[in-house]
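K.L.:
Have a look at this prediction, sequence included:
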Amino acid sequence: MSLNEVRVSVLSLQSCQSDIRTGMDILTDVAMDLAEAREEGVHTGIKEMEVMILECAKLDREIDYFVDIVDQVTSAARAQQPEALVNLSATVKEQFTERIAQLSDADLHNHSKVMAFKDSIKTSFNQANEESAENMEELDEDIAVTQSQVNFTCPLTQVEMVNPMKNKKCNHHYEEPAILDLIKRRHSQNKKCRCPVVGCGNANVRESDLILDQVLRRRIQSQKRQNSHT
């Protein structure tokens with residue numbers, strides 16, 4: 001197998017990984033609907049979905065490590081003799097097996113989409129519990145105020161967000177790939193990443209501070225549907 005064929009295979013794998021992540025978002029949406037409906041057996045259903053999203057997180061993590069190892073091994077192979085390509089597959093398999101053996105399933109709970117799943121369910125339950133005939137009108141007003149305060153436009157891309165990430169320190173939102181790319185570029189320059197929102201004093205945005213805001217994502221989608229109807 002040539003290095004070009006390896007690269008094509010990696011791109012196909014990354015395409016599957018994108019589908020896995022989309023599936024995790026769909027799982028979160030369905031779980032939020034269940035939490036808001038408050039129907040009988042909702043906790044059992046959500047627990048089953050949590051098991052599913054953890055399995056997806058495990059597969060997502062393994063693909064990340066596999067792609068990383070392939071990139072390292074192929075980069076090293078380019079500087080060696082063609083015969084090195086013969087052992088390429090075995091080298092990748094050996095290093096991948098060693099890396100996976102060192103991982104803990106407990107770490108899956110720190111996966112960004114798993115954390116977003118749990119945070120979204122908690123928020124949905126809280127909102128459902130707050131809703132009643134007495135406070136429905138007041139709740140609608142609060143939601144309207146909240147939506148007007150949260151800017152749906154990413155401060156980096158200057159377009160409406162699709163997958164908003166919330167900074168737990170300063171509560172600002174950014175488009176997921178945009179903020180992750182900014183953090184990566186700043187770190188490659190040995191610099192801290194400042195929050196791109198004008199006037200924010202957060203001078204060190206870290207990936208660990210970010211969480212996917214599935215509630216805001218649903219609001220953005222809801223607004224799009226309303227705009228299309230009008």
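P.N.:
Arrived safely. Numbers count the residues shown, from 1 in each chain.
K.L.:
For L103, which non-adjacent residue is closest in space?
P.N.:
Spatial nearest neighbour of L103, excluding adjacent residues (C-beta to C-beta, 6 or more residues apart in numbering): R61 at 7.2 Å. (Glycine included, C-beta is placed from N, CA and C.)
K.L.:
hang on, isn't the one you found packed against L108?
P.N.:
Yes. Taking contacts as C-beta atoms under 8 Å, R61 lies within contact range of L108: 7.1 Å.
K.L.:
What's the first helix or strand after the helix or strand harbouring V10?
P.N.:
Secondary structure assignment for V10, by DSSP states H and E: helix 3-37. Next helix or strand after helix 3-37 toward the C-terminus (DSSP H and E): helix 42-78.
K.L.:
for the record, mean pLDDT for the helix or strand that that next one is followed by?
P.N.:
Using DSSP H and E, the next helix or strand after helix 42-78 towards the C-terminus is helix 88-101. Averaging pLDDT along helix 88-101 yields 88.
K.L.:
Quick check: I63 touching S12?
P.N.:
No. Under the criterion of C-beta under 8 Å, I63 makes no contact with S12, lying 11.1 Å away.
K.L.:
Out of these two, name the residue with the larger neighbour count.
P.N.:
Set I63 next to S12 and count neighbours by other C-beta atoms under 10 Å: I63 wins out with 17 against 10.
K.L.:
and the gap between the more buried one and L13?
P.N.:
According to C-beta to C-beta, to the nearest Å, I63 and L13 sit 6 Å apart.
K.L.:
what's next to the helix or strand where I211 lies, contact-wise?
P.N.:
Taking DSSP H and E as the criterion, I211 maps to strand 210-212. For strand 210-212, the external contacting residues (C-beta atoms under 8 Å, 6 or more residues apart in numbering) are 112-113, 115-116, 119, 163-168, 174, 176, 179-180.
K.L.:
Got the domain ranges for the protein?
P.N.:
The record's domain parsing of the chain by automatic domain parsing lists 1-130, 133-230.
K.L.:
For the residue nearest to L103, grab the count of nearby residues.
P.N.:
R61: 16 neighbours (other C-beta under 10 Å).
K.L.:
tell me the contacts of it?
P.N.:
By C-beta under 8 Å, 6+ apart, the contact set of R61 is 103, 108, 111.
K.L.:
Would you format those as a markdown table with secondary structure and neighbour count included?
P.N.:
Output for those, formatted as a markdown table (DSSP: H, G, I helix; E, B strand; the rest coil; neighbours: other C-beta atoms under 10 Å):
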| residue | secondary structure | neighbour count |
| --- | --- | --- |
| L103 | coil | 13 |
| L108 | helix | 17 |
| H111 | coil | 18 |
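K.L.:
what's the pLDDT at the residue nearest to V42 when sequence neighbours are not counted?
P.N.:
Spatial nearest neighbour of V42, excluding adjacent residues (C-beta to C-beta, 6+ apart): L34 at 4.9 Å. Looking at L34, its pLDDT reads 84.
K.L.:
Determine the number of other residues adjacent to L34.
P.N.:
20.
K.L.:
Kindly report the same for the one 4 residues further on.
P.N.:
Residues contacting R38 under the criterion other C-beta under 10 Å number 12.
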